[in-house]
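Colleague: Sequence plus predicted model, see below.
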Amino acid sequence: MIWAIAAILFGAVLARRPALVVFLAIGAYILIPGVARGVLTPFLHPGAYLVAGYAVAAAIIDRQWFSKAIQRSRGILAVAAVIVAYASIDALNEGTSGLPRLLQSLASFFLMPLTVFVIGRHVVAQTPKWARIYAAWLLVIGVVEIVLAYFQNLTGLTIVWGFVYRSMWFWGQGDDVSRALGTTGHGIQLSVFLAMTICVTPMIRSTLVRFGYIGLAWIALPWTNGRLGMLLAGLATAYVFFYSRRTPLRTVLMSLIVLVGIGWSLQTEEGQKVIRKFSSDGGSNQKRIDALAWGRAHWREFLFSGYPGNRDVRGSGLLSSSLENGYLMAGMAFGLVVAAALFLLQVVTIARCVVGSPRARVWGLTSALGVIAFFGSSSFMADSLDGVTTWIFMGIGLGLADAARGPAGHSLRAHASDERHSSTPARQDESSDGIGSRNVQGVGVEEPHREVVSSALARPASLR
């Protein structure tokens, strides 16, 4: 309870600092395990209390900014309201835990991450440079996770959050681990997070930093023993190679170094274990196939509302594991209609990012990795990291798409004004960042809008 009160008060103090709230929320959700919900804080993750404290205070103290943020995302919020209202009907089914528990679940994996989405989108739409700051912050956290994973792999111990992990039903009483999990609670989640951070590296201008981080991530990936994350990391790495082609010589050299590093990591003992899992995984794939087969056989029973029987498929003996599919688990809890609506909302939002601008595309594709991961693990229905970060990344991407649209989203001249009055001196940077855009007056504006911004800045103040 102390953690919850502290987080709420801290969020309230930052009522006029929404960009910092998003920054801290990213750190809290990644560096504090999802399973801390119910251990450190009641009902919700500590990061959720931080966001809730900010939202309540901002609605009172900074009402104008907060209302504009809501207005910017009114369409998505309207769809979300319909999804929540429909999902709440499941509370009427026999055998459910009741409306309070249902709303707690929805708030945990959907409403609170969506709140960060709304805040982050408006922050980035007003000041696009924050997208680059958030990307750098993610890489810093990624390095922390890699270092922690190294020591976990070396010692076979959790190092941190052991008392939180022991609260999980399958964990046991010790602090021993057979795979690196960082602060995420599971090797799969750590591997997916590393894949997502690889995908966001095009936001970093330095080729050395970009490819250096990719090399570090690939060294750590085998320690997680996560096939899904390694496959996603492969896609992300190929994407970064392709979008770094504007600096061909440096890209070729760094790519060769990274490829050598990847080859070396796969030849290590941990890498060979992951490779062997593709052919002999101890029944893991079969369990997922069995879960899909069960869902196919019973889908009519939870099409419009949650499954009417015992939803603990493992505990009841229906299956030898959980459903291992976030959307299927959501369908079982609230109805497949809700799961499908949630999936379509995410796909449409990602598509808007992808077509919005080159920078927005980076965040959209990073979010897409999270959505793919939802099909291969319990993900957002089990307090996972990717369930939260996917929404946050979509918000950042959509904010960049709004900024690129200019007057249709947020005025380009307003962007320039924001930058001139920010604490960072405005400057003109004509260097390529590898993702098909240039920086004008310190603002992340795409090339087609460059002359528009320049002419707007050149006008006398009386004409603006």
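Modeller: All right, it came through fine.
Colleague: how about low-confidence regions in the stretch 51-200 of the chain?
Modeller: Within the stretch 51-200 of the chain, the ranges that satisfy pLDDT under 70 run 95, 169.
Colleague: Now with 80, please.
Modeller: Within the stretch 51-200 of the chain, the stretches with pLDDT under 80 are 92-97, 169-174.
Colleague: Do a quick rundown of the helices in it.
Modeller: Under the criterion DSSP state H, counting those that start in this stretch, the stretch 51-200 of the chain contains helices at 63-72, 74-88, 99-106, 112-126, 129-155, 162-165, 187-199.
Colleague: so L103 makes contact with S88?
Modeller: Yes - using Cβ atoms under 8 Å as the test, L103 is close enough to S88 to be in contact (7.0 Å). Every residue, glycine included, has its C-beta placed from N, CA and C.
Colleague: What's the separation between L344 and L50?
Modeller: Computed as Cβ to Cβ, to the nearest Å, the L344 to L50 distance reads 29 Å.
Colleague: Show me which of the two is the more surrounded one.
Modeller: L50 (28 against 11; other Cβ atoms under 10 Å).
Colleague: Output the helices of the stretch 51-200 of the chain as a markdown table; include the columns mean neighbour count.
Modeller: Below are the helices of the stretch 51-200 of the chain laid out as a markdown table (neighbours: other Cβ atoms under 10 Å):
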| stretch | mean neighbour count |
| --- | --- |
| helix 63-72 | 15 |
| helix 74-88 | 15 |
| helix 99-106 | 16 |
| helix 112-126 | 26 |
| helix 129-155 | 19 |
| helix 162-165 | 17 |
| helix 187-199 | 28 |
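Colleague: which stretch among those comes nearest D175?
Modeller: Taking Cβ to Cβ as the criterion, helix 162-165 is the member of the helices of the stretch 51-200 of the chain that comes nearest to D175, at 4.1 Å.
Colleague: Touching the closest one from outside, list them.
Modeller: Residues outside helix 162-165 that contact it (Cβ atoms under 8 Å, 6 or more residues apart in numbering): P33, V35, A36, V39, L40, T158, W171, D175, G185.
Colleague: mind checking the SS state of the fourth one?
Modeller: Okay, so that is V39. Three-state call for V39 (DSSP: H, G, I helix; E, B strand; the rest coil): coil.
Colleague: three-state assignment of the residue nearest to the spatial centre of the chain?
Modeller: Central residue of the chain (Cα atoms, centre = their mean): T389, 1.8 Å from the mean position. Assigned with three-state DSSP, T389 falls in the helix class.
Colleague: Distance check, it against F374.
Modeller: According to Cβ to Cβ, T389 and F374 sit 12 Å apart.
Colleague: Over to T366?
Modeller: T366 is 14 Å from F374, by Cβ to Cβ.
Colleague: wait, which of the contacts of helix 162-165 is closest to V258?
Modeller: G185 (28.2 Å).
Colleague: Just the C-alphas of stretch 72-81, formatted as PDB.
Modeller: Provided in PDB are the C-alpha atoms of stretch 72-81 (Å, rounded to 0.1, in the frame of the first residue of the first chain):
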ATOM      1  CA  ARG A  72      -6.900  14.100 -29.800                       C
ATOM      2  CA  SER A  73      -7.600  10.400 -29.000                       C
ATOM      3  CA  ARG A  74     -11.400  10.700 -28.800                       C
ATOM      4  CA  GLY A  75     -12.000   8.100 -31.500                       C
ATOM      5  CA  ILE A  76      -9.900   5.400 -29.900                       C
ATOM      6  CA  LEU A  77     -11.300   6.200 -26.500                       C
ATOM      7  CA  ALA A  78     -14.800   5.900 -27.900                       C
ATOM      8  CA  VAL A  79     -14.000   2.400 -29.200                       C
ATOM      9  CA  ALA A  80     -12.300   1.500 -25.900                       C
ATOM     10  CA  ALA A  81     -15.400   2.600 -24.000                       C
END
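Colleague: hmm, back to that, nearest to A333, of the helices of the stretch 51-200 of the chain?
Modeller: helix 99-106 (7.1 Å).
Colleague: okay, that closest one in CSV with CA atoms only?
Modeller: Extracted in CSV, the C-alpha atoms of helix 99-106 (Å, rounded to 0.1, in the frame of the first residue of the first chain):
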residue,chain,number,x,y,z
LEU,A,99,-17.7,-6.9,-11.7
PRO,A,100,-15.0,-5.5,-9.4
ARG,A,101,-12.5,-8.2,-10.3
LEU,A,102,-13.4,-7.9,-14.0
LEU,A,103,-12.9,-4.1,-14.0
GLN,A,104,-9.6,-4.6,-12.2
SER,A,105,-8.4,-6.9,-15.0
LEU,A,106,-9.5,-4.5,-17.7
